[in-house]
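In: A structural model of the following input is requested.
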Amino acid sequence: QVQLVESGGGLVQPGGSLRLSCAASESIFNINKMVWYRQAPGKQIESVATITSGGSTNYADSVLGRFTISRDTAKNTMYLQMNSLKPEDTAVYYCNLVLRGSGSAYWGQGTQVTVSS
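Out: Predicted coordinates:
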């Protein structure tokens, strides 16, 4: 059972930046992919950014050019650098990890990001 713990959320003004972290309890070397999701109030959960085992990345159109997903396998941690934040980025952000082979998926508890003046 892999445990994921997010951190780094908070309140930021429009145009500001935040960096989210997702720390895994085990090695993230043998993963299929890791994904950042978000869920805004009253909306469905959506995929924001994905990083694969090979390091390939993919972004939702709404965050392309503003958000950057990365990982540090030595620290078993995934990151989401969020720049030029907009009020519409306000949501609870969740990290998700999918293991290679079994395909088992694990979720973090979520971290709140609020973009407001």
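In: Please name the residues that touch the most centrally placed residue in the chain.
Out: For the chain, the residue nearest the mean C-alpha position is Trp36 (2.8 Å; C-alpha atoms, centre = their mean). The neighbourhood of Trp36, defined by C-beta atoms under 8 Å, 6 or more residues apart in numbering, consists of 20, 22, 47-50, 69, 78, 80, 93-96. Any C-beta I mention is one placed from the backbone N, CA and C, and that applies to glycine too.
In: Please report how far it lies from Gly15.
Out: Distance of Trp36 to Gly15, given as C-beta to C-beta, to the nearest Å: 20 Å.
In: Helix, strand or coil: sort out Glu88 for me.
Out: Assigned state for Glu88: helix (three-state reduction, DSSP: H, G, I helix; E, B strand; the rest coil).
In: where along the chain do the strands fall?
Out: If DSSP state E is used as the criterion, the strands of the chain fall at 4-7, 10-12, 18-24, 31-39, 46-52, 57-59, 67-72, 77-82, 91-99, 105-107, 111-115.
In: Rebuild the ones you listed as CSV, extending it with mean pLDDT.
Out: Shown next, in CSV, are these (pLDDT from 0 to 100):
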stretch, mean pLDDT
strand 4-7, 95
strand 10-12, 98
strand 18-24, 97
strand 31-39, 95
strand 46-52, 97
strand 57-59, 98
strand 67-72, 96
strand 77-82, 97
strand 91-99, 96
strand 105-107, 95
strand 111-115, 98
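In: hang on, the earlier thing: how close does the residue nearest to the centre of the chain sit to Gly101?
Out: Counting by C-beta to C-beta, the gap from Trp36 to Gly101 is 22 Å.
In: cool, and Thr111?
Out: From Thr111 to Gly101 the distance is 28 Å (C-beta to C-beta).
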